[in-house]
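Peer 1: What follows is a predicted protein model with its sequence.
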Amino acid sequence: MADSDQKRYQKYQRSQEQIWEAKCLRCGACCGSMDGDPCEHLVEDKNNRYYCSIYSNRFGPRKTRSGRKFVCVSIRKVLDQSWPGDECCGYKK
């Protein structure tokens, strides 16, 4: 791939990632905000929206606030599943 093609493709990938990320409504449901035992890294802001305090390094073994272990995966891997509050998930709409 020519250098200019590579740069164009990288720009396209970044724009697609931004479009995908913008679908998130920050409900926190996928991280347990509605089941009573969220991920220990899930933070609620002053506007009652949620975000991950370690977002860029979130994937892999994690714990909930009660200490239950789980593996954080890309939302794309679980969109075919259900979880408490998933009806508000922007990725499922």
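Peer 2: All right, it came through fine. Numbering: from 1, shown residues only.

Peer 1: Please make it C-alpha for all contacts and neighbour counts, starting now.
Peer 2: Noted.

Peer 1: contacts for stretch 37-56?
Peer 2: Stretch 37-56 is contacted by residues 26-28, 31-33, 58, 62-66 when judged by Cα atoms under 8 Å, 6 or more residues apart in numbering.

Peer 1: In PyMOL, select just the buried ones from these.
Peer 2: A single PyMOL command suffices to select whichever of the contacts of stretch 37-56 are buried according to 16 or more other Cα atoms under 10 Å:
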select buried, resi 26+27+28+31+32+33+62+63+64
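
Peer 1: So which residues of this protein form strands?
Peer 2: Secondary structure of the chain (DSSP state E): strands located at 42-44, 50-52, 60-63, 69-72.

Peer 1: mind listing what's buried in the second one?
Peer 2: This points to strand 50-52. Buried residues in strand 50-52, counting neighbours by 16+ other Cα under 10 Å, are found at 50, 52.

Peer 1: taking the mean pLDDT, what do you get for it?
Peer 2: Strand 50-52 comes out with an average pLDDT of 97.

Peer 1: Spell out which strands sit alongside that strand in the sheet and which way each one runs.
Peer 2: Using DSSP bridges, the strands paired with strand 50-52 in its sheet are strand 42-44 (antiparallel).
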